[in-house]
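Student: Based on what follows, work out the 3D shape:
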Amino acid sequence: MKIDPRKAAIVGCGQVGASIAFRFLQQGLFSRLVLLDANRDKAEGEAMDLRDGLPYGAAMEITAGGYDDLADCALAVITAGANQKPGETRLDLIGKNTEILRSVLREITARQFGGILLVVSNPVDVLTYAAWKLSGYPRERVIGSGTVLDTGRLKQLLGAELRVDSRNIHAFIIGEHGDSELAVWSEANVSGLALEDFCRIRGQDLGREDRERLYREVRDSAYEIIRRKGATYYGIAMAVGRIAACIVKDERAVLPVSVALNGQYGMEGLALSLPSIVGREGVQEILEIPLSREEQAELEASAAQMREAIGTLNL
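Tutor: This next block holds a predicted model:
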């Protein structure tokens, strides 16, 4: 079936899926958006609510639909799954969300879907690998939202700390989107100026303890948000909107998405969130950025946790 480059689908209309749909409406990336949910009334209600805003947004056709409507989409975003509850880690969701993913993929692959599969459900790195294995799609077409959100959190916090626009901060969170993620401080910079040099010029001190504090704030951000309001959805909606823009516009931007590895950093048999060039065809290249010895060890420890989690699944 011919792919419509300006048609997208969102599978799962909970708070995350609905927020992503709202972000897509704001961006005007797509001319057609289909919402799917196990509860058809929920999908129809979200579509109706979004259509009410069309006179003040981009021209779009927003409908609730079924899997047949997904076949010609350029992008299918999977948010279906159980949400992380207070006290739970993302890995606690692995069993139930893998089974939900399995049932979703049976429907998608039966329609000969030829677009990009973007996994947002948690634990996203494990589910990205599972989606790649279960779908049989090329690894470049199966992407997880990865640590794009975590990286945004780091940029925001670091910008506030340094009193500079966060859009000028260039730094990555990589590894698991979860408790074993790591910050790549060795390559962090402010508009091309090494972080240490920027701090020296400004007369600021960002020592090891400060960096560790910022990292912990990033790592624990979701727990704090969930404790206060029950769920996170606006930040991830913005992150998914950024990934979608890279795909639709063929930007070839560098984003730390999750993708099944094929020898990068000497690893395979898992998916991790690593800086990758993202464009119309999905992930064009995974970048093996330089890491310090300590960062390399942390990445390997994160990978070991992902392998252990994947090993519990029947893939």
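
Student: Helix or strand for the closest residue in space to Tyr67 that isn't next to it in sequence, just tell me which one.
Tutor: Leaving aside its sequence neighbours, Tyr67 sits nearest to Glu107 (C-beta to C-beta, 6 or more residues apart in numbering; 4.2 Å). Placement of C-beta: from N, CA and C, glycine included. Assigned by DSSP states H and E, Glu107 belongs to helix 94-110.

Student: Let me know the next secondary structure element after that helix.
Tutor: Next in sequence after helix 94-110, counting helices and strands by DSSP H and E, comes strand 116-119.

Student: how far off helix 94-110 does the helix or strand just after that following strand point, in degrees?
Tutor: The helix or strand immediately downstream of strand 116-119 is helix 124-135, counting by DSSP H and E. Relative orientation of helix 124-135 versus helix 94-110 (axes from the mean of the first three to the mean of the last three C-alpha atoms, to 10 degrees): 40 degrees.

Student: tell me what helix 124-135 is packed against?
Tutor: helix 94-110, strand 116-119, strand 142-144, strand 253-262, strand 268-279, helix 293-311 (3 or more C-beta pairs under 8 Å, 6 or more residues apart in numbering; DSSP states H and E).

Student: Rebuild the ones you listed as JSON lines, extending it with mean pLDDT and mean neighbour count.
Tutor: Shown next, in JSON lines, are those (pLDDT from 0 to 100; neighbours: other C-beta atoms under 10 Å):
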{"stretch": "helix 94-110", "mean pLDDT": "94", "mean neighbour count": "17"}
{"stretch": "strand 116-119", "mean pLDDT": "98", "mean neighbour count": "28"}
{"stretch": "strand 142-144", "mean pLDDT": "98", "mean neighbour count": "29"}
{"stretch": "strand 253-262", "mean pLDDT": "98", "mean neighbour count": "23"}
{"stretch": "strand 268-279", "mean pLDDT": "97", "mean neighbour count": "23"}
{"stretch": "helix 293-311", "mean pLDDT": "96", "mean neighbour count": "16"}
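
Student: Export the ones you listed to a markdown table and append columns for distance to Leu195.
Tutor: Output for the helices and strands packed on helix 124-135, formatted as a markdown table (distance: least, C-beta to C-beta, whole Å):
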| stretch | distance to Leu195 |
| --- | --- |
| helix 94-110 | 35 |
| strand 116-119 | 31 |
| strand 142-144 | 27 |
| strand 253-262 | 17 |
| strand 268-279 | 17 |
| helix 293-311 | 14 |
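
Student: right, and the ones you listed - which one's nearest Gln26?
Tutor: Gln26 sits nearest to strand 116-119 of all those, at 17.6 Å, using C-beta to C-beta.

Student: list the helices and strands that closest one packs on?
Tutor: Where contact means 3+ C-beta pairs under 8 Å, 6+ apart, strand 116-119 is packed against strand 73-78, helix 124-135, strand 142-144, helix 234-248.

Student: right, and those - which one's nearest Gly311?
Tutor: Nearest to Gly311 among the helices and strands packed on strand 116-119 is helix 124-135 (10.3 Å), distances taken as C-beta to C-beta.

Student: pLDDT on the closest one, on average?
Tutor: For helix 124-135, mean pLDDT is 97.

Student: Where does the prediction get shaky in the protein?
Tutor: Under the criterion pLDDT under 70, the flagged ranges of the chain are 1, 90.

Student: Can you pull up the most central residue in it?
Tutor: Ser145 (1.3 Å; C-alpha atoms, centre = their mean).

Student: Keeping just the C-alphas, turn stretch 50-68 into PDB.
Tutor: Provided in PDB are the C-alpha atoms of stretch 50-68 (Å, rounded to 0.1, in the frame of the first residue of the first chain):
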ATOM      1  CA  LEU A  50      -9.300  17.900  19.300                       C
ATOM      2  CA  ARG A  51     -11.500  18.800  16.300                       C
ATOM      3  CA  ASP A  52     -13.000  21.600  18.300                       C
ATOM      4  CA  GLY A  53      -9.600  23.300  18.200                       C
ATOM      5  CA  LEU A  54      -9.200  23.100  14.400                       C
ATOM      6  CA  PRO A  55     -10.400  26.600  13.700                       C
ATOM      7  CA  TYR A  56      -7.400  27.900  15.800                       C
ATOM      8  CA  GLY A  57      -4.800  25.300  14.700                       C
ATOM      9  CA  ALA A  58      -3.500  23.600  11.500                       C
ATOM     10  CA  ALA A  59      -5.800  22.200   8.900                       C
ATOM     11  CA  MET A  60      -6.100  18.500   9.700                       C
ATOM     12  CA  GLU A  61      -8.500  15.600   9.500                       C
ATOM     13  CA  ILE A  62      -8.700  14.000  13.000                       C
ATOM     14  CA  THR A  63     -10.700  10.800  13.400                       C
ATOM     15  CA  ALA A  64     -11.000   7.700  15.600                       C
ATOM     16  CA  GLY A  65     -10.400   4.600  13.600                       C
ATOM     17  CA  GLY A  66      -9.200   1.000  13.500                       C
ATOM     18  CA  TYR A  67      -6.100  -0.800  12.400                       C
ATOM     19  CA  ASP A  68      -7.100  -0.800   8.700                       C
END
